[in-house]
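> Predicted coordinates and the sequence they were generated for:
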Amino acid sequence: QVHVVESGGGLVQPGESLRLSCAASGSIFRIYTMAWYRQRPDNNREFVAAITSNGNANYDDFVKGRFTISRDNAKATVSLQMNNLKPEDTAVYYCKIGAIPTTGGLSEYDYWGQGTQVTVSS
């Protein structure tokens, strides 16, 4: 099995920063793209940022310039540094990894974490 666990959420004031972390573990053969999504209240889950295995990153326009995604391939972790947070960033943040498990052939699957709550409020 593949496990994905997020951490680092919390309550912050507008303009402050927060760093989210995500760790993948278990029966993993190879990890490809690692990404963050979020689900704001009364909204669908939406893309935030992603990073490929060779370090290429892309961002949703709303977070570009404020958020930075990074990864440590050796540790199978991905982080999201969030600066200048706005109330509109309030959401549950989910980590998603694309990975090939050690069992079941060479097909790539998406694995999701349970999410971590980020609340931006004064």
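Right, received. Where do you want to start?

> Then Glu88 would be within a helix, right?
Yes. When DSSP: H, G, I helix; E, B strand; the rest coil is applied, Glu88 is found to be in a helix.

> wait, what's in contact with it?
Shown in contact with Glu88 (Cβ atoms under 8 Å, 6 or more residues apart in numbering): 40, 62, 120. For the C-beta atoms, the positions are set from N, CA and C on the backbone; glycine is no exception.

> from these, which would you call buried?
By neighbour count, with 16 or more other Cβ atoms under 10 Å, these hold Val120 as buried.

> Narrow the contacts of Glu88 to those in helices?
Per DSSP state H, helices hold no members of the contacts of Glu88.

> how about CSV for the contacts of Glu88, with distance to Ile31 added?
Formatted as CSV, the contacts of Glu88 follow (distance: Cβ to Cβ, whole Å):
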residue, distance to Ile31
Arg40, 27
Phe62, 26
Val120, 30
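
> Now tabulate the contacts of Glu88 in JSON lines and tack on pLDDT and distance to Val2.
Below are the contacts of Glu88 laid out as JSON lines (pLDDT from 0 to 100; distance: Cβ to Cβ, whole Å):
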{"residue": "Arg40", "pLDDT": "93", "distance to Val2": "27"}
{"residue": "Phe62", "pLDDT": "95", "distance to Val2": "29"}
{"residue": "Val120", "pLDDT": "98", "distance to Val2": "31"}
